[in-house]
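> need coordinates for the below:
(one chain, ligands or ions: 1)
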Amino acid sequence: MKKILAIHTGGTISMSLDDQGSVVQNEKNPIDNNAGLGLDDIEVENDELLNLPSPQMTPATMLQVKNRIQQAISDGIDGVVVTHGTDTLEETAYFLDLTLPNTIPVVVTGAMRSSNEIGADGVFNFKSAIQVAASDAARNKGVLVVFNTGIYSARYVTKTHTTSVDTFKDPIYGTLGTVDHDQVIFAQQLIGSEYTEINHVVDGVYMVKAYAGMTGTLFEAIQAAQPTGVVIEAMGAGNLPKATLPAVQSLLDAGIPVVLVSRCFSGYAQPIYAYTGGGIELQSMGLVFCEQLNGPKARIKLIVGLSCGKSGYALQEYMSNALS
Ligand SMILES: NC(=O)C[C@H](N)C(=O)O
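Next up, the predicted model:
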């Protein structure tokens with residue numbers, strides 16, 4: 001019999017609707033008793049590690065989850081499920097993907113409707129995640145996100161809708177697979193995987209989104225805060241308004257790594273344009289293009305890279321390698 005560890009961290013999956021119609025936290029997690037799962041051939045052990053709405057997750061709490069999983073791997077567990085709030089689920093999932101060895105299945109899930117709402121999706125997603133975590137086919141696929149029958153790579157998956165149960169999508173590659181009743185089916189392989197050992201996380205990695213008419217003000221404020229790194233969600237394929245350039249140059253001159261992604265929902269950030277503020281100029285200034293990641297994920301990767309001591313060329317290579 002496969003043994004799966006379910007690590008609960010909070011979020012709507014652990015919450016319920018009160019008499020006023022507000023979604024509130026519970027002291028006792030309603031899904032940690034395995035009731036109604038109907039999975040007699042899988043042993044599930046529950047660990048209430050955290051009980052946080054996911055906007056309160058931080059890189060430090062992500063590290064706590066990573067350390068708990070690493071301990072479970074040493075203890076010989078067959079697979080791990082992490083339940084999590086959906087707002088920052090993609091960040092924790094990618095953090096785990098970057099920092100855990102790619103061996104046993106590690107599956108992150110959550111819910112969009114709290115436990116006592118009509119059509120609550122928590123138990124269904126929890127069951128699907130356990131099925132994937134217990135599946136041999138899910139090994140060596142990196143950290144996975146299972147939601148509303150879809151199986152996604154943690155590297156690309158993102159929350160696309162504020163309330164729909166069909167919120168998680170991979171805008172570049174689609175699903176890796178699906179959970180259909182008792183079957184776990186994979187249609188795609190994971191290409192490339194790299195894991196980085198860390199035992200602490202750096203602070204001071206900021207993220208800012210570009211907009212029409214942007215000037216250097218936000219970059220100056222960030223520089224005044226003595227950042228360890230900056231991620232910019234640039235426009236289109238990777239361009240910035242020219243009024244931002246002196247302040248961005250000043251960050252680079254101070255030796256602060258500045259990573260560029262696109263603010264577009266899908267596609268790749270690439271140095272294509274040669275006009276002032278275009279990607280070609282930004283790359284020659286020293287900004288690092290991070291091709292396929294969205295802003296929050298590029299920020300997680302920069303935190304992981306800096307936390308394991310990477311700098312200079314090694315950090316640039318790490319950030320621009322699309323397959324880790
Ligand atoms: N659906 C959810 O889990 C959203 C909730 N605000 C959270 O992330 O904790």
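> and Leu190, what pLDDT?
The score at Leu190 is 80. That number is its pLDDT.
> gap between it and Asp182?
23 Å (Cβ to Cβ, to the nearest Å). Just so you know, the C-beta spots here come from the backbone N, C-alpha and C atoms, and that holds for glycine as well.
> contact residues of this protein facing the ligand?
Residues of the chain lying close to the ligand (Cβ under 6 Å from any ligand atom) are Gly11, Thr12, Pro53, Ser54, Gly85, Thr86, Asp87, Gly110, Met112.
> remind me, longest helix of the chain?
helix 59-74 (DSSP state H).
> what is the helix or strand that that one is followed by packed up against?
Later in the chain than helix 59-74, the nearest helix or strand by DSSP states H and E is strand 79-83. Judged by 3 or more Cβ pairs under 8 Å, 6 or more residues apart in numbering; DSSP states H and E, strand 79-83 is in contact with strand 2-8, helix 59-74, helix 89-99, strand 106-109, helix 122-133.
> just to revisit the earlier point, between Leu190 and Asp182, which has more neighbouring residues?
Per other Cβ atoms under 10 Å, whichever of Leu190 and Asp182 has more neighbours is Leu190, with 19 against 9.
> tell me which element the more buried one falls in.
Of the helices and strands defined by DSSP H and E, none includes Leu190.
> which ones are touching it?
Counting by Cβ atoms under 8 Å, 6 or more residues apart in numbering, Leu190 makes contact with Asn140, Lys141, Gly142, Ser153, Leu176.
> could I get the phi/psi values of the nearest residue to the first one once chain neighbours are set aside?
Looking back up the chat, that one is Asn140. The shortest distance from Asn140 to any residue other than its chain neighbours is 5.6 Å, reached at Asn102 (Cβ to Cβ, 6 or more residues apart in numbering). Note on Asn102: backbone dihedrals following degrees, to the nearest 10 are phi -80, psi 80.
> Asn102 and Ser153 touch, don't they?
No. Asn102 is beyond contact range of Ser153, at 11.5 Å (criterion: Cβ atoms under 8 Å).
> so for these two, which residues contact both of them?
Going by Cβ under 8 Å, 6+ apart, residues that sit against Asn102 and also against Ser153 are Lys141, Gly142.
> more neighbours, the two?
More neighbours surround Ser153 than the other of Asn102 and Ser153, with 24 against 16 (other Cβ under 10 Å).
> quick check: the gap between that one and the ligand.
Shown here: Ser153 relative to the ligand, a distance of 20 Å by Cβ to the nearest ligand atom, to the nearest Å.
> list the contacts of that residue.
If a contact means Cβ under 8 Å, 6+ apart, then Ser153 has Asp97, Lys141, Gly142, Leu144, Val145, Asp170, Tyr173, Leu176, Leu190 as its contacts.
> relative to Ala247, how far out is it?
To Ala247, Ser153 is 35 Å away according to Cβ to Cβ.
> circling back to that earlier point, just flag the most distant two among the residues of the chain next to the ligand.
Pro53 and Met112 (13.7 Å; Cβ to Cβ).
> out of the two, which sits in the more crowded spot?
Using other Cβ under 10 Å as the criterion, Pro53 and Met112 rank with Met112 on top: 25 against 17.
> nearest to Val202, of the contacts of Leu190?
Nearest to Val202 out of those is Gly142 (Cβ to Cβ; 23.1 Å).
> what about the closest one, distance to Ile104?
12 Å.
> what do you get for Lys28?
Lys28 sits 28 Å away from Ile104, going by Cβ to Cβ.
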